[in-house]
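Asks: Build me a model from this:
(one chain, ligands or ions: 1)
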Amino acid sequence: MTTVYKRSTLPVFIEHGLAQASISDCITETFSAIRTVRSFSGEKRQMFMFANQVLSFQLSGIKLGTFKSINESLTRVAVYISLTALYCLGGSKVKAGQLSVGTMASFIGYTFTLTFAVQGLVNTFGDLRGSLAAVERINSVLSGVQVDDALAYGLERELKQKAVNNENLNLFFSDSSSEKNQNNHLHYMSALKTSTNLFSLAWSGDICLEDVYFSYPLRPDVEILRGLNLRLKCGTVTALVGASGAGKSTIVQLLSRFYEPARGCITVGGEDVRTFDKSEWARVVSIVNQEPVLFSVSLGENIAYGLPDDDVSKDDVIKAAKAANAHEFIISLPQGYDTLVGERGGLLSGGQRQRIAIARALLKNAPVLILDEATSALDTVSERLVQDALNRLMKGRTTLVIAHRLSTVQNAHQIALCSDGKIAELGTHFELLAKKGQYASLVGNQRLAFE
Ligand SMILES: Nc1ncnc2c1ncn2[C@@H]1O[C@H](COP(=O)(O)OP(=O)(O)OP(=O)(O)O)[C@@H](O)[C@H]1O
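Replies: Have a look, this model is predicted:
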């Protein structure tokens with residue numbers, strides 16, 4: 001009986017445990033790659049995955065609950081059978097005059113009542129304690145979070161338009177009829193423009209950082225950017241250089257709109273980017289990082305990440321992979337485009353991960369490209385393949401590259417040297433060398449890698 005019970009319930013326990021683990025895996029993966037998720041407008045996709053995992057957790061929970069209830073019922077039946085047996089035994093002793101009826105009945109009754117009561121109480125308190133701890137943790141996380149209203153508004157609006165029939169997602173949205181939500185919506189609806197002209201502006205206009213001041217929320221007293229001005233000319237490459245800690249990544253974060261400037265503004269074709277919501281902005285900007293983040297899905301899905309499923313054909317994915325010099329290595333794998341890349345792309349080499357990220361950006365085809373050039377050394381063949389793919393990706397796009405290689409800097413249309421929270425020098429490689437300023441000494445000190 002015990003063996004049958006174990007055999008039948010063990011898989012249910014395992015399934016429930018796995019469902020719980022996949023929820024936390026999904027959360028960990030999403031938050032550790034939050035910049036990539038945001039830059040590819042992947043919030044909806046991650047939320048959808050999360051919703052599915054919560055639902056399978058719910059289903060396995062119900063199954064487990066059913067087994068537990070059956071177990072509980074069987075236990076109770078067994079207890080009552082024993083009780084009946086005790087009554088019979090006690091009854092015979094009473095009949096023989098060895099025990100009084102009252103003593104026997106009270107003994108049995110009190111014993112079992114007490115057992116069930118204590119058991120129930122312990123179970124309930126156990127569950128309650130767990131739930132209270134979870135609620136407390138959720139509250140502490142939520143109370144420390146600053147809600148990004150513009151992003152939240154953009155996401156909710158998009159989800160309401162496109163996924164209104166999707167029950168899974170609807171579970172995650174609060175009742176928009178509440179007065180507070182409606183006020184928020186009205187506020188942003190009046191402030192934010194639609195994306196209709198954002199793409200054409202980004203394909204044809206310059207991107208400008210105008211007198212930008214910025215400090216990080218966690219260190220509000222330290223001004224990282226102090227009146228920075230920089231124009232990224234449409235369709236050209238700007239190499240951003242500067243000493244470590246000069247603020248290069250901060251400029252990238254502002255351009256990606258992970259943060260907003262404290263003063264000054266960023267414009268696209270003359271329009272303040274804050275007039276567009278963040279999820280729409282994410283569609284016109286591609287970011288390729290030093291250490292590209294891949295998700296633990298297939299190679300094909302990683303390349304198509306960020307695009308709605310119905311917009312991506314297998315041919316498009318292959319075309320992007322070919323342009324990124326990734327097709328050959330993908331088809332040499334036994335499962336080709338269906339090969340799983342492992343957690344954070346761990347089953348691929350550094351150069352392969354970079355080419356997948358480049359294919360992803362090529363497929364996204366955004367007019368603005370932000371590139372954080374890898375400092376880690378690749379072997380010569382891999383390096384050439386990556387560089388070749390990057391050159392194709394940069395072509396015709398307004399590109400800002402945090403440059404670490406002299407060749408990148410030399411080939412850029414302009415070089416911006418960031419120092420003291422400003423652009424201290426701006427020009428081509430030879431112009432800046434002739435100036436014999438900070439750029440010349442940066443190159444002289446070999447702080448830019450020579451090839
Ligand atoms: N999230 C953050 N919160 C507070 N301060 C930060 C944060 N990120 C960076 N800083 C600070 O901002 C300054 C500029 O950092 P940033 O990363 O932009 O420099 P960088 O030029 O990209 O440097 P590196 O070349 O070493 O990557 C540094 O002094 C850094 O300590």
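Asks: Report the central residue of this protein.
Replies: Most central residue of the chain, judged by C-alpha distance to the mean C-alpha position with CA atoms, centre = their mean, is Thr30 at 3.0 Å.
Asks: What residues does that one make contact with?
Replies: Val37, Gln46, Phe50 (CB atoms under 8 Å, 6 or more residues apart in numbering). Placement of C-beta: from N, CA and C, glycine included.
Asks: Please, which helix or strand holds the last one?
Replies: Secondary-structure element containing Phe50, defined by DSSP states H and E: helix 43-95.
Asks: Which other helices and strands does the helix or strand just after that helix contact?
Replies: If you walk from helix 43-95 toward the C-terminus, the next helix or strand you reach (DSSP H and E) is helix 101-143. Contacts of helix 101-143 with other secondary structure elements, assessed using 3 or more CB pairs under 8 Å, 6 or more residues apart in numbering; DSSP states H and E, are made with helix 43-95.
Asks: okay, the angle between the helix it packs on and helix 101-143?
Replies: Here the directions of helix 43-95 and helix 101-143 differ by 170 degrees (axes from the mean of the first three to the mean of the last three CA atoms, to 10 degrees).
Asks: what's the spacing between helix 43-95 and its chain's center?
Replies: 37 Å (CA atoms, centre = their mean, to the nearest Å).
Asks: Repeat that for stretch 387-397.
Replies: Centroid separation between stretch 387-397 and its chain, computed with CA atoms, centre = their mean, is 26 Å.
Asks: Only the buried residues of that stretch, if you could.
Replies: Along stretch 387-397, these residues count as buried under the neighbour rule (16 or more other CB atoms under 10 Å): Gln387, Ala389, Leu390, Leu393, Met394, Arg397.
Asks: just stretch 238-251 next, same as before
Replies: Counting neighbours by 16+ other CB under 10 Å, stretch 238-251 gives Thr238, Ala239, Leu240, Val241, Gly242, Ala246, Gly247, Lys248, Thr250, Ile251 as buried.
Asks: what do you get for stretch 83-94?
Replies: Neighbour counts using 16+ other CB under 10 Å place Gly90, Val94 of stretch 83-94 among the buried residues.
Asks: CA atoms of that stretch as PDB?
Replies: Taking C-alpha atoms only, stretch 83-94 is exported to PDB below (Å, rounded to 0.1, in the frame of the first residue of the first chain):
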ATOM      1  CA  LEU A  83     -11.500   3.700  16.500                       C
ATOM      2  CA  THR A  84     -14.200   1.200  15.700                       C
ATOM      3  CA  ALA A  85     -11.800  -1.700  16.500                       C
ATOM      4  CA  LEU A  86     -11.000   0.000  19.800                       C
ATOM      5  CA  TYR A  87     -14.700   0.400  20.500                       C
ATOM      6  CA  CYS A  88     -15.200  -3.300  19.900                       C
ATOM      7  CA  LEU A  89     -12.300  -4.300  22.100                       C
ATOM      8  CA  GLY A  90     -13.200  -1.800  24.800                       C
ATOM      9  CA  GLY A  91     -16.800  -3.000  24.500                       C
ATOM     10  CA  SER A  92     -15.800  -6.500  25.200                       C
ATOM     11  CA  LYS A  93     -13.800  -5.400  28.200                       C
ATOM     12  CA  VAL A  94     -16.800  -3.400  29.400                       C
END
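Asks: Residues in contact with that stretch: which ones?
Replies: Outside stretch 83-94, the residues that touch it by CB under 8 Å, 6+ apart are Leu99, Ser100, Val101, Met104, Ala105, Phe107, Ile108, Phe112.
Asks: try stretch 428-443
Replies: Applying CB under 8 Å, 6+ apart, the set of residues contacting stretch 428-443 from outside is 241-243, 406, 409-410, 412-415, 417, 419, 424-425, 427, 448.
Asks: So the one helix or strand Ile370 maps to, near the ligand or not?
Replies: Element membership of Ile370, judged by DSSP H and E, is strand 368-372. No. Taking CB under 6 Å from any ligand atom as the criterion, strand 368-372 and the ligand are apart, separated by no less than 8.5 Å.
Asks: What average pLDDT does the helix or strand that that strand is followed by get?
Replies: Towards the C-terminus, the helix or strand next in line after strand 368-372, according to DSSP H and E, is helix 380-394. The predicted model gives helix 380-394 an average pLDDT of 78.
Asks: which strands and helices sit next to the very next helix or strand once past helix 380-394?
Replies: The element immediately downstream of helix 380-394 (helix or strand, assigned by DSSP H and E) is strand 398-402. For strand 398-402, the contact count by 3+ CB pairs under 8 Å, 6+ apart identifies strand 225-232, strand 237-241, helix 248-255, strand 368-372 as packing neighbours.
Asks: send the alpha carbons of the last one over as PDB?
Replies: The C-alpha coordinates for strand 368-372 follow below in PDB (Å, rounded to 0.1, in the frame of the first residue of the first chain):
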ATOM      1  CA  VAL A 368      19.900  53.300 -33.800                       C
ATOM      2  CA  LEU A 369      22.700  51.000 -32.600                       C
ATOM      3  CA  ILE A 370      24.600  51.000 -29.400                       C
ATOM      4  CA  LEU A 371      27.600  48.800 -29.200                       C
ATOM      5  CA  ASP A 372      29.800  48.000 -26.300                       C
END
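Asks: Could you list the paired strands of it along with their orientation?
Replies: strand 285-288 (parallel), strand 398-402 (parallel) (DSSP bridges).
Asks: Turn these into a markdown table, columns for distance to the ligand.
Replies: As requested, the strands paired with strand 368-372 are arranged in a markdown table below (distance: least, CB to the nearest ligand atom, whole Å):
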| stretch | distance to the ligand |
| --- | --- |
| strand 285-288 | 14 |
| strand 398-402 | 7 |
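Asks: Turn the ones you listed into JSON lines, columns for mean pLDDT and mean neighbour count.
Replies: Written out in JSON lines, the entries for the strands paired with strand 368-372 read as follows (pLDDT from 0 to 100; neighbours: other CB atoms under 10 Å):
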{"stretch": "strand 285-288", "mean pLDDT": "88", "mean neighbour count": "26"}
{"stretch": "strand 398-402", "mean pLDDT": "91", "mean neighbour count": "24"}
